[in-house]
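J.: Quick one, fold the following:
(one chain, ligands or ions: 1)
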Amino acid sequence: MSEKLHIAQNLEDALLFRKENDCIVMAGSSDLMVSAYQGYGALPKFDKPVLLIRNLEELIGVRRNSDGTVEIGACTTSRQIVESPDTPWVLKQAAGRMGAVALRNSATIGGNIANASPKGDTPGPLYLLDAVVNVMSLDGGRRSIPIRDFIIKFRTIDLKNDEIITSVTIPVSDKDMTYWFYHKIGTRAANAISKLTLCACAKVSWGEVKDFRIAATASGPVTNRSRDVENIAIGLKFDELAAKASEISGAFDKVISPRAMPEFRREATRRMIEFFIDKVSKNSYKKFYN
Ligand SMILES: Cc1cc2nc3c(=O)[nH]c(=O)nc-3n(C[C@H](O)[C@H](O)[C@H](O)COP(=O)(O)OP(=O)(O)OC[C@H]3O[C@@H](n4cnc5c(N)ncnc54)[C@H](O)[C@@H]3O)c2cc1C
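T.: Numbering: from 1, shown residues only. Got it, this is the predicted structure:
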């Protein structure tokens, strides 16, 4: 067992340490310190050296790229994500509902993705927006992987031993869609891990659905999204969309695989989808959240 802690001075230093050591990458530490907790008064226990990256300026911030995409550094906290004018609305909803204030000051988006929990708050919007996870290793090794491929399965990500998540790139902006929906069901307003979250968006032009997306978290081992289901809605007029609401929610029901409380999760997911479709087809609001 090693007691070693390396506080990275810059990204190159972090990547060098990562290359030379089988280590644990630590960002905000909100997941890691809980899993390493040994009881009151005892030091947390890590079975590998720890590489602390939370203060690396290169990995912090939300910026709009010249091609219109938004890039969020891996060590950007939930609070910073909420406060940035460039953060897509639906991701702001998720980041603003994570934990409580203290947690949102430390929890990072990179940590939330790497944790690969089906109940994590940011993966839902990131799946919805076709986000790409950017990773780097020493000597300029870079990969960009769609989040749906990066999160391989429950608690498993496509990250090599010498790599660090550096940022996430989001190609879809608020203006690309006409309607947005975000609803997180939890037991409390704060410190509530999602029991079920649905986010959705639709682009409608001249009364016809041009794009339609649904992503659900806490409804299976990973976030659920299905282009096949979404394609049912694409190309429909408002009245046709309303008529297909139960077909669409029924098709999505086949995609999700909730283990705990499946009846509740299936029924609530169906209702949220049908609620969203009802509002879109009546053109009654542009953004809905709870
Ligand atoms: C009280 C409490 C409430 C919580 N509430 C919520 C909630 O409401 N919603 C929610 O989604 N989560 C919640 N969490 C979980 C946690 O806060 C989040 O998952 C958070 O985003 C993790 O980020 P972090 O920076 O703290 O990660 P860390 O704890 O530092 O790391 C988590 C994992 O990610 C890896 N990692 C981190 N950064 C990188 C990187 N750049 N490259 C490669 N690997 C990396 C680490 O090695 C580790 O495996 C809660 C946790 C606590 C303790």
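
J.: Mark out where each domain of this structure begins and ends.
T.: If you go by automatic domain parsing, the domain ranges for the chain are 5-170, 177-289.

J.: Rebuild those as JSON lines, extending it with distance to the ligand.
T.: Every residue, glycine included, has its C-beta placed from N, CA and C. Formatted as JSON lines, these follow (distance: least, CB to the nearest ligand atom, whole Å):
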{"stretch": "domain 5-170", "distance to the ligand": "2"}
{"stretch": "domain 177-289", "distance to the ligand": "5"}
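
J.: Dump the ones you listed to CSV, plus mean neighbour count and mean pLDDT.
T.: Formatted as CSV, the domains of the chain follow (neighbours: other CB atoms under 10 Å; pLDDT from 0 to 100):
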stretch, mean neighbour count, mean pLDDT
domain 5-170, 19, 97
domain 177-289, 18, 95
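
J.: Skip the chain neighbours and tell me the closest residue to the residue nearest the centre of the chain.
T.: Centroid check for the chain by CA atoms, centre = their mean gives Pro123 as the closest residue, at 1.8 Å. Leaving aside its sequence neighbours, Pro123 sits nearest to Thr223 (CB to CB, 6 or more residues apart in numbering; 4.7 Å).

J.: again with Gln93
T.: Gln93 sits nearest to Tyr182 (CB to CB, 6+ apart), 4.0 Å away.

J.: The one you found and Lys195, how far apart?
T.: According to CB to CB, to the nearest Å, Tyr182 and Lys195 sit 15 Å apart.

J.: Next: Asn161.
T.: From Asn161 across to Lys195, the span is 34 Å (CB to CB).

J.: Can you tell me the SS state at the nearest residue to Met136 once chain neighbours are set aside?
T.: In space, and not counting its chain neighbours, Met136 is closest to Thr166: 4.8 Å by CB to CB, 6+ apart. Following DSSP: H, G, I helix; E, B strand; the rest coil, the label given to Thr166 is strand.

J.: quick one: contacts for Thr166?
T.: The contact partners of Thr166, by CB atoms under 8 Å, 6 or more residues apart in numbering, come to Leu11, Glu58, Leu59, Gly73, Ala74, Asn134, Val135, Met136.

J.: Next: Ser137.
T.: Contacts of Ser137 (CB under 8 Å, 6+ apart): Leu15, Arg18, Lys19, Lys160, Asp162, Glu163, Ile164.

J.: What of Val25?
T.: Contacts here follow CB under 8 Å, 6+ apart; on that basis Val25 touches Arg18, Leu51, Ile53, Ala114, Ile164.
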